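> below is the sequence, then the predicted model.
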Amino acid sequence: MSFIVAIDGPAGTGKGTITKLLSKEMGLVNIDTGATYRCVALYIIQNNIKLEEKERIIAALPNIHIDMKIEDGEQTIFLNGEDVTKEIRSKEVTQIVSQVSSIKEVRFAMVEVQRNLANGKDVIMEGRDITTYVFPNADVKIYLDADEKERAQRRYKEMQEKGIDMSYEEVLKNIQIRDKNDKEKEIGALKIAEDAIYVDTTVLNIEEVKDKVKQIIEEKRVIRK
Ligand code: DC
């Protein structure tokens with residue numbers, strides 16, 4: 001039987017970083033749900049299907065086979081047998097993936113893929129709808145949150161470190177728009193599951209958040225054993 005840790009929350013709460021760290025520390029497989037949507041985006045680019053051609057995108061879904069494997073400690077993503085780990089991070093894919101992921105039929109198909117990838121494994125997954133929709137019966141359900149100004153501050157610092165020129169006000173505005181989109185999405189909207197453990201990370205650093213989340217997982221794992 002598998003053990004499932006599901007983490008949701010808005011942008012800038014450290015979900016991605018914490019999931020990667022804990023996956024290594026706790027021996028849990030990290031299923032990258034965003035990568036599944038990125039594979040669909042790459043497939044439609046490779047097959048000259050346009051974003052507007054929704055029917056063609058939906059018709060292509062049965063031809064899209066996605067697999068993930070850990071090779072030398074790193075996750076490798078396969079699209080129809082081909083290693084696309086790098087290609088799915090390209091600018092072209094990034095530009096269209098959000099729209100691709102908002103197509104209802106694409107979401108239904110990818111949630112199936114995500115569930116199959118997790119089948120029989122001990123996994124940790126993060127996103128927006130993992131605790132509410134992908135795995136509503138997960139063994140551990142956590143909602144990470146933080147004040148929007150603090151999240152914007154974190155993203156702003158990240159941007160500066162990467163040399164990306166954006167003002168704090170612009171970053172804050174982006175966060176506010178993204179939060180609104182995430183919460184109002186027709187399917188897979190971000191919300192706090194009734195039985196999720198709510199963790200406010202506003203005054204915590206990444207190490208402190210990681211320790212807190214790890215403790216929650218360990219407690220549940222002990223109960224399960
Ligand atoms: O995390 P990422 O940037 O690789 O995600 C790619 C896109 O997929 C992004 O637009 C958000 C979307 N996504 C989603 O709708 N549901 C998920 N569970 C994960 C990602």
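Yes, it's here.
> which regions of this protein sit below the pLDDT cut-off?
225 (pLDDT under 70).
> residue of it nearest the ligand, please.
The nearest approach of the chain to the ligand comes at residue 34, 2.4 Å away (Cβ to the nearest ligand atom). The way it works is simple: take the backbone N, C-alpha and C, and place the C-beta from them, glycine included.
> which SS state does that residue fall under?
The three-state assignment at residue 34 reads helix, by DSSP: H, G, I helix; E, B strand; the rest coil.
> quick one: contacts for the nearest residue to it once chain neighbours are set aside?
Leaving out its chain neighbours, the residue that sits closest to residue 34 by Cβ to Cβ, 6 or more residues apart in numbering is residue 127, at 7.2 Å. Contact analysis of residue 127 by Cβ atoms under 8 Å, 6 or more residues apart in numbering lists 7, 8, 15, 33, 34, 134.
> list only buried entries from the residues you listed.
Neighbour-count burial (16 or more other Cβ atoms under 10 Å) applied to the contacts of residue 127 gives 7, 8, 15, 33, 134.
> can you pull out the strands in this structure?
Using DSSP state E, the strands assigned to the chain run over residues 4-8, 29-30, 66-71, 74-79, 82-83, 123-127, 140-145, 197-200.
> out of the ones you listed, nearest to residue 173?
If you check each of these against residue 173 by Cβ to Cβ, strand 140-145 wins as the nearest, at 19.4 Å.
> got the angle for the closest one vs strand 123-127?
Angle, strand 140-145 to strand 123-127, by axes from the mean of the first three to the mean of the last three Cα atoms, to 10 degrees: 30 degrees.
> strand 140-145 pairs with which strands, and in what direction?
Strand pairing for strand 140-145, using DSSP bridges, gives strand 4-8 (parallel), strand 197-200 (parallel).
> which residues are contacting it?
4-10, 13-15, 18, 131, 192-193, 195-202, 209, 213, 216-217, 220.
> that strand: which residues count as buried?
Of the residues in strand 140-145, 140, 141, 142, 143, 144, 145 count as buried by neighbour count, 16+ other Cβ under 10 Å.
> near the ligand, from those residues?
Among these, no residue sits close to the ligand (Cβ under 6 Å from any ligand atom).
> biggest separation within those, which pair?
140 and 145 (16.4 Å).
> now, the most widely separated pair of the buried ones among the contacts of residue 127?
Using Cβ to Cβ, the pair of the buried ones among the contacts of residue 127 lying farthest apart is 15 and 134, separated by 14.1 Å.
> what segments of the protein are helices?
15-26, 33-46, 54-60, 91-101, 104-118, 148-161, 168-184, 206-224 (DSSP state H).
> neighbours around residue 71, how many?
9 (other Cβ atoms under 10 Å).
> beta partners of the residue most central in space within the chain?
With distances taken as Cα atoms, centre = their mean, residue 127 lies nearest the centre of the chain, 3.4 Å away. Taking DSSP bridges as the rule, residue 127 bridges to residue 8.
> okay, now the nearest residue to residue 21 once chain neighbours are set aside: neighbour count?
Leaving aside its chain neighbours, residue 21 sits nearest to residue 210 (5.6 Å; criterion: Cβ to Cβ, 6+ apart). Neighbour count of residue 210, defined by other Cβ under 10 Å: 18.
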